[in-house]
Each structure stands twice: as C-alpha cells, then as structure tokens.
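[1] predicted model follows, preceded by the sequence.
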Amino acid sequence: MDTSIFKYFADIKTRDIAPGYHSKIIHTATNTINFIEVDAGNEVPPHQHIHEQCAFVLEGTFQLTVNGIPQLMEKGMFAIIPPNVPHGGLAITDCKLIDLFAPPREDFMLL
C-alpha cells in the first residue's frame with residue numbers, strides 16, 4: 001500500500017481543540033478537514049478566520065451562529081461560511097461534524 005496516498009482514519013490521533021471538541025484532523029496541500037465529535041452543551045465562542053469553512057452535521061443537533069444569526073443544524077445539513085465572517089457554535093446534543101477549510105488551517109497544524 002502506498003502510504004503517501006492511502007491511510008487509516010483510526011491512525012489519526014484525536015486532539016481536543018476546545019473543551020468537549022474531540023478532533024481528528026487531516027491536512028492536504030489545499031485543505032484542512034476536521035472530523036469532530038462534540039459533547040452536548042459545549043460551545044465554541046464567536047471567532048473569525050481567513051479560511052472559507054464548510055460545516056457538515058453528520059449526527060446530532062448543532063446551533064451555528066453566523067454573523068450574529070443562530071441556526072439550528074440537524075443531521076444532513078451543511079453551511080458555507082465565507083472568510084472573515086464571525087461565527088461560533090453550541091452542541092445541543094452530542095454531535096459528529098466535519099469542517100472543511102480552505103486554505104489549510106496552519107494553526108491546526110500546530111496541535
């Protein structure tokens with residue numbers, strides 16, 4: 001198997017990027033992909049960054065606030081957040097999320 005191309009998800013170390021946010025992060029030349037399991041009741045405060053972000057809800061209910069406007073997101077929903085737009089979130093239930101960032105999140109490479 002060419003390990004420069006094919007990898008096992010189970011081999012990715014889980015990192016806590018915020019209280020209750022347990023992440024497995026993949027970096028490519030053009031993207032960062034963040035697979036997150038979030039414990040109910042945990043919040044990421046409003047923030048912004050230079051990256052475009054696409055946020056997917058795989059399981060659970062997550063309240064995503066973008067530009068001060070809250071939206072409950074359920075399984076199967078996604079949001080596209082433009083660069084430099086304030087956003088934050090709250091896990092209403094236990095959640096499984098995927099966040100895709102472009103360009104890559106250099107700050108996540110340090111985790």
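    Nice, I can see it.
[2] mind listing the strands for this protein?
    15-18, 21-27, 32-38, 43-47, 52-59, 61-66, 69-74, 78-81, 87-91, 95-102 (DSSP state E).
[3] how about the second one: buried residues?
    By neighbour count with 16 or more other Cβ atoms under 10 Å, strand 21-27 contains the buried residues 21, 23-25. Every C-beta, even on glycine, is put in place using the N, C-alpha and C of the backbone.
[4] distance of the most centrally placed residue in the chain relative to Thr3?
    By Cα atoms, centre = their mean, the chain has its centre lying nearest to Asp99, at 3.3 Å. To Thr3, Asp99 is 25 Å away according to Cβ to Cβ, to the nearest Å.
[5] picking up where we left off before, output the buried residues of strand 21-27 as TSV; include the columns pLDDT.
    Formatted as TSV, the buried residues of strand 21-27 follow (pLDDT from 0 to 100):
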residue	pLDDT
Tyr21	97
Ser23	98
Lys24	98
Ile25	98
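[6] which strands and helices lie in contact with the helix or strand bottoming out on mean pLDDT in the chain?
    Lowest on mean pLDDT, DSSP states H and E among the helices and strands of the chain sits helix 106-109, with a mean of 90. Using 3 or more Cβ pairs under 8 Å, 6 or more residues apart in numbering; DSSP states H and E, the elements in contact with helix 106-109 are strand 21-27, strand 32-38.
[7] how about those in JSON lines, adding distance to Leu64?
    Shown next, in JSON lines, are the helices and strands packed on helix 106-109 (distance: least, Cβ to Cβ, whole Å):
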{"stretch": "strand 21-27", "distance to Leu64": "14"}
{"stretch": "strand 32-38", "distance to Leu64": "12"}
